[in-house]
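**Q** here are the coordinates; sequence isn't available:
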Ligand SMILES: NC(=O)C1=CN([C@@H]2O[C@H](COP(=O)(O)OP(=O)(O)OC[C@H]3O[C@@H](n4cnc5c(N)ncnc54)[C@H](O)[C@@H]3O)[C@@H](O)[C@H]2O)C=CC1
Ligand SMILES: O=C(O)C(=O)COP(=O)(O)O
């Protein structure tokens with residue numbers, strides 16, 4: 001292989017792509033300007049570069065900074081060094097201190113109307129909220145600079161996560177910081193309901209002394225059901241065991257043996273309802289948990305059951321609960337959360353029910369929990385805005401992998417293959433299949449790496465898909481692809497043509513067009529340098545750097561055909577900087593050239609009109 005050639009006039013010239021010395025070569029130096037467009041032709045016969053690619057390059061002079069960091073670029077380049085953060089919902093001051101220490105600007109606004117919030121949200125790169133602010137599609141539409149929403153707490157049901165994802169906004173929460181406080185409130189409410197403390201308190205304050213009226217019950221020996229055995233549920237389980245309660249539970253994500261180690265006997269919901277003396281809810285509010293406690297489930301419960309909800313309003317159907325309290329089926333209930341907060345006037349009957357204990361969403365309202373979540377959210381958001389870590393991100397699982405330096409060349413390659421696939425396709429792409437193979441510094445066969453690569457391919461592809469109305473990013477491209485009905489898949493098998501190839505890593509992107517046509521492009525990273533190594537089933541395809549504007553066509557493999565193309569380009573003052581030809585016995589050749597600047601549709605039609613040339617396409621692969 002030639003990498004550089006000594007020239008008396010120019011010193012060392014780097015040869016790019018690396019050039020395998022054939023029997024005869026003709027070397028000429030051209031000027032990369034339109035003034036000298038086509039000067040290569042004046043040197044006469046051009047010996048075409050062929051079969052260069054099947055050689056591994058273990059090192060490359062190209063640096064990552066020269067390549068540009070695709071992953072970081074996708075999220076951070078647009079973020080200013082000093083981000084502007086809006087802190088809402090009475091967040092603890094430690095949050096602002098951390099943003100300021102880290103060189104960011106934080107504004108605290110605790111009394112904004114929805115209109116006022118809509119008016120200013122566009123100025124901010126980040127927003128910190130608790131449960132009061134609703135991140136609705138309307139708000140997100142106005143949050144044109146938003147990069148990350150930080151929930152200082154656990155529940156994200158007040159954030160339209162799908163819409164945030166579509167807009168390329170990361171959503172993060174801070175689970176853990178308020179676990180102890182919320183579990184403590186759940187146990188407090190349990191005890192309050194079991195011993196009727198609030199009722200007795202009201203009676204005493206009314207000047208009464210009613211010792212017989214408030215008979216309660218012991219927790220010892222009773223069965224408590226934990227629905228949702230995550231952080232809070234597990235802590236409640238541990239403390240309930242301290243009261244000598246028998247703990248049963250339901251959580252589809254918790255393995256049975258892990259539950260057994262925690263002393264929780266897992267069972268299906270109908271058994272949970274039937275066996276429990278006390279039920280405490282600790283799931284997020286999701287379509288699965290909405291109205292989980294309803295007329296039907298209450299009917300399956302023991303008479304006199306006590307229900308506690310410190311998780312989310314909406315998990316209990318409030319009408320069903322009121323009926324059950326009135327009938328005595330539910331002996332008492334304790335609520336910290338409501339389907340609408342603050343609860344409307346229509347909830348009065350429930351809230352004033354003598355056997356309902358209620359608190360105004362206080363689970364996380366302790367000094368300790370508020371400092372914890374405010375500190376965690378600020379650190380997490382700073383780390384993310386600075387591209388250092390992605391802790392707590394709930395809507396995109398692969399950001400940390402996308403940020404690894406070793407992934408950057410693969411992401412550049414993936415994005416450019418995606419761009420190329422979209423631009424050379426004659427109709428809409430309906431399916432995209434990814435195959436990855438090998439990798440050294442980065443294991444591109446790992447599931448998370450494949451997700452990053454696929455998202456990056458789709459980011460590039462959607463940029464050139466006219467049906468895509470939202471700017472694609474690493475964050476939203478999987479979501480947008482799904483929304484646009486583009487089916488994506490990951491396959492383990494290497495492309496048939498590349499079996500036994502010497503490449504140590506390969507990314508292949510197979511696409512299917514709406515008319516059923518299929519295309520495949522493979523690339524490989526040599527050292528840190530992305531290269532295209534395969535297009536469709538073309539054997540002996542020359543490695544080609546996917547950069548700048550490239551023109552590609554199939555042509556009859558005979559003297560003068562490429563020359564005709566070059567002459568057309570010369571006439572249009574288009575300078576050809578790179579040119580490779582892949583040949584295949586008895587078939588059309590595949591010519592790929594890198595040109596300076598743009599090529600007009602008119603010139604493209606002229607190339608297309610050449611009788612020995614077929615399927616001319618152009619792709620802009622600039623960063
Ligand atoms: N009242 C308050 O101030 C607070 C309320 N919360 C609420 O508590 C919830 C739980 O918080 P953490 O324990 O920290 O979250 P977590 O994520 O650690 O635990 C939630 C558990 O619920 C389980 N789950 C999900 N869907 C389920 C279903 N359909 N049935 C049964 N289990 C299901 C999950 O597998 C997970 O184990 C939060 O989502 C939030 O809504 C959290 C903090 C404070
Ligand atoms: O963390 C949660 O999910 C909570 O519900 C706490 O809500 P808050 O931050 O106190 O409004």
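**A** Received the coordinates, thanks. Remember, predicted model here, so these are calculated numbers, not experimental data. Ligands and ions are numbered 1, 2, ... in the order given.

**Q** would you say residue 298 is within a helix?
**A** Yes. With DSSP: H, G, I helix; E, B strand; the rest coil as the criterion, residue 298 is part of a helix.

**Q** Count the residues that sit near it.
**A** Residues contacting residue 298 under the criterion other CB atoms under 10 Å number 21. (Glycine included, C-beta is placed from N, CA and C.)

**Q** biggest helix in the protein, by residue count?
**A** The residue-count maximum for a helix in the chain (DSSP state H) belongs to helix 367-385.

**Q** helix or strand right after that helix?
**A** Proceeding N to C from helix 367-385, the next assigned helix or strand is helix 399-402, under DSSP states H and E.

**Q** Alongside ligand 1, which residues does the stretch 351-500 of the chain contribute?
**A** For the stretch 351-500 of the chain, the contact set with ligand 1 under CB under 6 Å from any ligand atom comprises 361, 363-364.

**Q** Would you mind checking these for buried ones?
**A** 361, 363-364 (16 or more other CB atoms under 10 Å).

**Q** The longest helix of the chain: which residues count as buried?
**A** 369-370, 372-385.

**Q** Over to stretch 134-144?
**A** Result for stretch 134-144 [16+ other CB under 10 Å]: buried residues 135, 139-140, 143.

**Q** cool, stretch 256-275 as well?
**A** Within stretch 256-275, judged by 16+ other CB under 10 Å, the buried ones are 259, 262, 264-267, 272-273.

**Q** And for residue 599, the neighbour number?
**A** Residue 599, neighbours per other CB under 10 Å, totals 18.

**Q** which parts of the stretch 1-150 of the chain sit against ligand 2?
**A** Taking CB under 6 Å from any ligand atom as the contact definition, the stretch 1-150 of the chain meets ligand 2 at 130-131.

**Q** Can you tell me the SS state at the residue of the stretch 1-150 of the chain found nearest ligand 1?
**A** Residue nearest to ligand 1 within the stretch 1-150 of the chain (CB to the nearest ligand atom): residue 131, separated by 7.2 Å. What three-state DSSP gives for residue 131 is coil.

**Q** Closest to residue 83 out of the buried residues of stretch 134-144?
**A** residue 143 (13.3 Å; CB to CB).

**Q** picking up where we left off before, any chance of JSON lines for the buried residues of stretch 134-144, columns pLDDT and secondary structure?
**A** Formatted as JSON lines, the buried residues of stretch 134-144 follow (pLDDT from 0 to 100; DSSP: H, G, I helix; E, B strand; the rest coil):
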{"residue": "135", "pLDDT": "98", "secondary structure": "strand"}
{"residue": "139", "pLDDT": "98", "secondary structure": "helix"}
{"residue": "140", "pLDDT": "98", "secondary structure": "helix"}
{"residue": "143", "pLDDT": "98", "secondary structure": "coil"}
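
**Q** Grab the nearest non-local neighbour of residue 459.
**A** Nearest residue to residue 459, sequence neighbours excluded (CB to CB, 6 or more residues apart in numbering): residue 477, at 4.3 Å.

**Q** what domains does the record give for the protein?
**A** For the chain, automatic domain parsing gives the domain ranges 2-58, 84-177+369-395, 179-204+215-358, 397-533, 547-623.

**Q** Which of those domains comes out lowest on mean pLDDT?
**A** The stretch with the lowest mean pLDDT among those is domain 2-58, at a mean of 40.

**Q** Who is residue 544 paired with across the strands?
**A** In this entry, residue 544 is beta-bridged to residue 532, by DSSP bridges.

**Q** Touching, it and residue 592? I think so.
**A** Yes. Using CB atoms under 8 Å, residue 544 is in contact with residue 592, at 5.3 Å.

**Q** which neighbours do those two share?
**A** 532, 550, 580 (CB atoms under 8 Å, 6 or more residues apart in numbering).

**Q** what are the phi and psi angles of residue 325?
**A** Main-chain dihedrals, residue 325, degrees, to the nearest 10: phi -70, psi -40.

**Q** Report the contact partners of it.
**A** 332-333, 350, 353, 355-356.

**Q** Find the pair from those with maximum spatial separation.
**A** Pairwise over these, using CB to CB, the maximum falls at 332 and 350, 12.4 Å.

**Q** Of those two, which one has the most company?
**A** residue 332 (25 against 19).

**Q** Surely the more buried one and residue 358 touch.
**A** No. Contact criterion CB under 8 Å: residue 332 and residue 358 do not qualify, at 11.2 Å.

**Q** Pull the number of nearby residues for the residue nearest to residue 222 when sequence neighbours are not counted.
**A** Here the nearest residue to residue 222 in space, its sequence neighbours aside, is residue 277; by CB to CB, 6+ apart that works out to 4.1 Å. Look at residue 277: counted by other CB under 10 Å, it has 20 neighbours.

**Q** okay but residue 277 is in contact with residue 301, surely?
**A** No. The pair residue 277 / residue 301 is not scored as a contact, 9.6 Å apart, by CB under 8 Å.

**Q** hmm, back to that, tabulate the domains of the chain (JSON lines), appending distance to residue 540.
**A** Formatted as JSON lines, the domains of the chain follow (distance: least, CB to CB, whole Å):
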{"stretch": "domain 2-58", "distance to residue 540": "5"}
{"stretch": "domain 84-177+369-395", "distance to residue 540": "41"}
{"stretch": "domain 179-204+215-358", "distance to residue 540": "51"}
{"stretch": "domain 397-533", "distance to residue 540": "10"}
{"stretch": "domain 547-623", "distance to residue 540": "6"}
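
**Q** May I have the residues that are in contact with residue 190?
**A** 219, 224, 240, 278, 280, 306, 308, 334.

**Q** So the fifth one is in contact with residue 229, correct?
**A** Going back to what we said before, that points to residue 280. No. Between residue 280 and residue 229 there is no contact under CB under 8 Å: 10.6 Å.

**Q** Tell me which helix or strand residue 248 sits in.
**A** Applying DSSP H and E, one finds residue 248 within strand 246-250.

**Q** And the contacts of that strand?
**A** For strand 246-250, the external contacting residues (CB under 8 Å, 6+ apart) are 221-229, 233, 237, 240-241, 259, 263-269, 271-272, 275-276.

**Q** one more time with 7 Å, if that's ok
**A** With CB atoms under 7 Å, 6 or more residues apart in numbering as the test, strand 246-250 has contacts from 223-227, 229, 233, 237, 240-241, 259, 263-269, 272, 275-276.

**Q** Narrow those residues to those in helices?
**A** 233, 237, 240-241, 259, 269, 272, 275.

**Q** Report all helices and strands that the helix or strand where residue 458 lies contacts.
**A** Assigned by DSSP H and E, residue 458 belongs to helix 447-463. Counting contacts by 3 or more CB pairs under 7 Å, 6 or more residues apart in numbering; DSSP states H and E, helix 447-463 packs against helix 399-402, helix 408-424, strand 429-438, helix 477-483, strand 487-491.

**Q** Just say which of the ones you listed is most tucked in.
**A** A comparison of the helices and strands packed on helix 447-463 by mean neighbour count, using mean count of other CB atoms under 10 Å, puts helix 408-424 on top with a mean of 26.

**Q** Run the chain-centre distance for that one.
**A** 18 Å (CA atoms, centre = their mean, to the nearest Å).

**Q** before we move on, what about stretch 563-570?
**A** 45 Å.

**Q** Could you do stretch 312-322 as well?
**A** That offset, for stretch 312-322, works out to 33 Å (CA atoms, centre = their mean).

**Q** Stretch 238-256 too?
**A** 33 Å.

**Q** what's the answer for stretch 97-117, then?
**A** Distance, centroid of stretch 97-117 to centroid of chain: 25 Å (CA atoms, centre = their mean).

**Q** For ligand 1, give me its nearest residue in the stretch 101-250 of the chain.
**A** For the stretch 101-250 of the chain, CB to the nearest ligand atom, closest residue to ligand 1: residue 230, 1.8 Å.

**Q** For the nearest residue to that residue once chain neighbours are set aside, grab the count of nearby residues.
**A** When the adjacent residues along the chain are set aside, residue 230 lies closest to residue 282, with 6.3 Å between them (CB to CB, 6+ apart). Neighbour count of residue 282, defined by other CB under 10 Å: 28.
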